[in-house]
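Trainee: missing the sequence, but the structure's below:
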Ligand code: NAP
Ligand code: HSE
């Protein structure tokens with residue numbers, strides 16, 4: 001029988017995702033000769049602390065010095081699951097320069113330095129794949145780059161952060177307040193020890209930047225994404241949303257318009273009838289519109305040990321097949337356009353505006369006048385809660401330029417009858 005090639009792999013990191021990758025490589029061992037015509041073997045694992053107890057990991061593979069991997073010519077694939085910008089950026093660059101293929105889950109790095117890393121991969125005829133960096137176990141980058149390559153994609157929109165979707169789902173279904181839902185997300189291991197990147201929308205922003213770059217064939221970095229988090233969403237906003245047939249979700253939205261790319265992350269009221277409204281708990285989903293495929297939606301687990309490892313293994317198997325057929329470096333950077341990116345003030349949205357005003361004759365009329373002057377058309381008004389001489393007013397607008405809407409809000413704030421503006425949320 002023909003001796004099979006052994007493709008050797010180094011794992012950088014053995015935390016949540018690294019442990020999942022290690023387990024999958026073991027559990028898929030017998031399948032590899034059939035799936036790729038070779039065996040896969042993890043031969044080194046880089047960690048910070050070699051003495052830390054690691055359940056199920058072969059301790060003899062642990063190293064704490066990157067050069068032991070970089071200088072090992074038998075290692076063909078490096079899987080980076082350490083996270084953060086440095087030293088991951090340096091290690092990946094050096095691996096590519098040494099002719100090693102790289103698979104990473106690092107959205108922080110790809111969203112900011114994707115071009116430089118893809119250029120290095122191309123220069124050295126290596127594969128650099130990062131499916132796990134967006135929406136965990138859900139296949140989305142490969143479908144955008146390959147299966148949907150025959151489309152002009154005009155929109156990519158989705159729920160790409162499990163922690164915030166879990167929090168908003170608990171606030172909606174069980175009436176929990178934000179702090180209570182965040183504490184539960186932390187207890188269940190969804191939220192990071194420092195949940196800032198999740199709840200402020202940065203994690204989703206990085207994922208949307210990566211998806212938009214691939215979908216529109218034009219580079220979008222995290223700094224191009226307008227981000228708003230969910231910390232200001234209250235149970236009352238959720239109640240009003242429900243009253244108008246909507247739920248509130250943290251959405252990443254990227255649109256390719258004739259004037260440029262719109263890209264943002266923010267909470268949004270979406271109608272109960274929209275498929276994304278039914279994506280609950282820690283699940284993620286991405287909705288894509290292409291001129292040929294029309295609408296397509298991708299749904300599944302956006303994080304966690306094995307779902308994320310599943311995406312990484314898919315990339316590793318892809319690289320291994322390319323190695324077997326000597327065709328690595330086939331698909332590198334697909335950003336061959338240089339489209340302008342619109343500032344948020346140039347983007348049109350519908351808005352939900354909740355405010356507290358003096359309960360007096362003419363107050364609503366003055367607010368309506370200001371909105372009208374600034375070209376803001378009102379779609380719906382709700383006024384019900386009254387406490388002493390203060391009334392709560394909810395206005396839902398039609399589509400309006402962000403710039404005009406913000407001007408109107410500045411003027412409404414200056415009215416002596418405006419007590420406070422508690423929420424401004426976009427509406428689908
Ligand atoms: P994690 O649990 O914190 O694990 C990080 C691992 O990297 C640890 O084993 C750590 O070593 C090692 N490490 C960190 N810095 C290092 C350094 N300078 N030198 C050597 N080793 C270093 O992180 P994770 O949750 O697995 O996430 C890993 C990556 O996957 C991140 O980029 C993350 O954004 C991405 N990701 C995670 C998920 C998820 O569900 N967790 C989903 C999608 C993508 P020690 O063990 O010795 O400390
Ligand atoms: N913290 C992320 C989330 C998982 O909650 O979706 C890693 O991408």
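Mentor: The structure has been received and is ready for your questions. A quick note: this is a predicted structure, and the numbers were derived from the prediction, not measured. Numbering: from 1, shown residues only. Ligands and ions are numbered 1, 2, ... in the order given.
Trainee: Close to ligand 1: what parts of this protein are there?
Mentor: Contact residues, the chain versus ligand 1 (C-beta under 6 Å from any ligand atom): 13-18, 46-49, 52, 81-83, 87, 105-107, 132, 136, 303-304, 308. All C-beta spots, glycine's among them, are computed from the backbone N, C-alpha and C.
Trainee: repeat that with 5 Å
Mentor: Taking C-beta under 5 Å from any ligand atom as the measure of proximity, the chain contacts ligand 1 at 13-17, 46-49, 81-83, 105-106, 136, 303-304, 308.
Trainee: which residue does the stretch 201-350 of the chain bring closest to ligand 1?
Mentor: Of all residues in the stretch 201-350 of the chain, the one sitting closest to ligand 1 is residue 303 (3.4 Å; C-beta to the nearest ligand atom).
Trainee: near ligand 2, from the residues of the chain next to ligand 1?
Mentor: Near ligand 2, taking C-beta under 5 Å from any ligand atom as the test, the members of these found are residue 303.
Trainee: List only those of the residues of the chain next to ligand 1 flagged as buried.
Mentor: By neighbour count, with 16 or more other C-beta atoms under 10 Å, these hold 13-14, 16-17, 46-47, 81-83, 105-106, 136, 303-304, 308 as buried.
Trainee: Which members of these occur in strands, if any?
Mentor: Among these, the ones falling in strands (DSSP state E) are residue 46.
Trainee: domains of the protein?
Mentor: Per the record, the chain has its domains at 5-136+305-324, 148-301, 347-427, by automatic domain parsing.
Trainee: For those domains, give me a markdown table that also has distance to residue 330.
Mentor: What follows is these, written out as a markdown table (distance: least, C-beta to C-beta, whole Å):
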| stretch | distance to residue 330 |
| --- | --- |
| domain 5-136+305-324 | 7 |
| domain 148-301 | 12 |
| domain 347-427 | 36 |
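Trainee: Please enumerate the helices of the stretch 101-250 of the chain.
Mentor: If DSSP state H, counting those that start in this stretch is used as the criterion, the helices of the stretch 101-250 of the chain fall at 107-123, 141-142, 162-174, 178-187, 196-199, 202-216, 235-243.
Trainee: could you give the angle of the third one to helix 178-187?
Mentor: If you take axes from the mean of the first three to the mean of the last three C-alpha atoms, to 10 degrees, helix 162-174 sits at 130 degrees to helix 178-187.
Trainee: Please identify the buried residues of helix 162-174?
Mentor: Counting neighbours by 16+ other C-beta under 10 Å, one finds that the buried residues in helix 162-174 are 162, 163, 164, 165, 166, 167, 168, 169, 170, 171, 172.
Trainee: wait, doesn't the last one sit right on residue 246?
Mentor: No. Distance between residue 172 and residue 246: 10.3 Å, which falls outside the contact criterion (C-beta atoms under 8 Å).
Trainee: Give the pairing partners of the least confident helix or strand in the chain by mean pLDDT; include direction for each.
Mentor: Lowest by mean pLDDT, DSSP states H and E among the helices and strands of the chain is strand 378-387, with a mean of 87. Counting by DSSP bridges, the strands paired with strand 378-387 are strand 390-397 (antiparallel).
Trainee: Could you list the residues in contact with the strand it pairs with?
Mentor: Applying C-beta atoms under 8 Å, 6 or more residues apart in numbering, the set of residues contacting strand 390-397 from outside is 240, 244, 350-359, 363-364, 367, 371, 376-386, 405, 419, 427.
Trainee: list the helices and strands the longest helix seen in the chain packs on?
Mentor: Longest helix in the chain by number of residues (criterion: DSSP state H): helix 305-324. With contacts defined as 3 or more C-beta pairs under 8 Å, 6 or more residues apart in numbering; DSSP states H and E, the packing partners of helix 305-324 are strand 5-12, helix 16-27, helix 32-36, strand 38-46, strand 75-80, strand 101-104, strand 128-129.
Trainee: Format the ones you listed as TSV; extra columns: mean pLDDT.
Mentor: Output for the helices and strands packed on helix 305-324, formatted as TSV (pLDDT from 0 to 100):
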stretch	mean pLDDT
strand 5-12	98
helix 16-27	96
helix 32-36	97
strand 38-46	98
strand 75-80	98
strand 101-104	98
strand 128-129	98
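Trainee: could these go into TSV alongside distance to residue 151?
Mentor: Conversion of the helices and strands packed on helix 305-324 to TSV gives the following (distance: least, C-beta to C-beta, whole Å):
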stretch	distance to residue 151
strand 5-12	33
helix 16-27	31
helix 32-36	28
strand 38-46	33
strand 75-80	30
strand 101-104	26
strand 128-129	21
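Trainee: Let me know the secondary structure of the closest residue in space to residue 78 that isn't next to it in sequence.
Mentor: Ranked by C-beta to C-beta, 6 or more residues apart in numbering and with sequence neighbours excluded, the top spatial neighbour of residue 78 is residue 95, at 4.4 Å. What DSSP: H, G, I helix; E, B strand; the rest coil gives for residue 95 is helix.
Trainee: pretty sure residue 95 contacts residue 102?
Mentor: Yes. With contact defined as C-beta under 8 Å, residue 95 and residue 102 form a contacting pair (5.4 Å).
Trainee: shared neighbours of those two, which are they?
Mentor: Contact criterion C-beta under 8 Å, 6+ apart; residues shared by residue 95 and residue 102: residue 78.
Trainee: Tell me who's in contact with residue 263.
Mentor: For residue 263, the set of contacting residues under the criterion of C-beta under 8 Å, 6+ apart consists of 208, 209, 212, 220, 224, 225, 226, 253, 254, 255, 341.
Trainee: Could you check the pLDDT of the nearest residue to residue 384 once chain neighbours are set aside?
Mentor: Residue nearest to residue 384 in three dimensions, not counting chain neighbours: residue 392, with 7.0 Å by C-beta to C-beta, 6+ apart. Per-residue confidence (pLDDT) for residue 392: 95.
Trainee: burial measure for residue 392, as a count.
Mentor: A total of 20 residues lie near residue 392 under the criterion other C-beta atoms under 10 Å.
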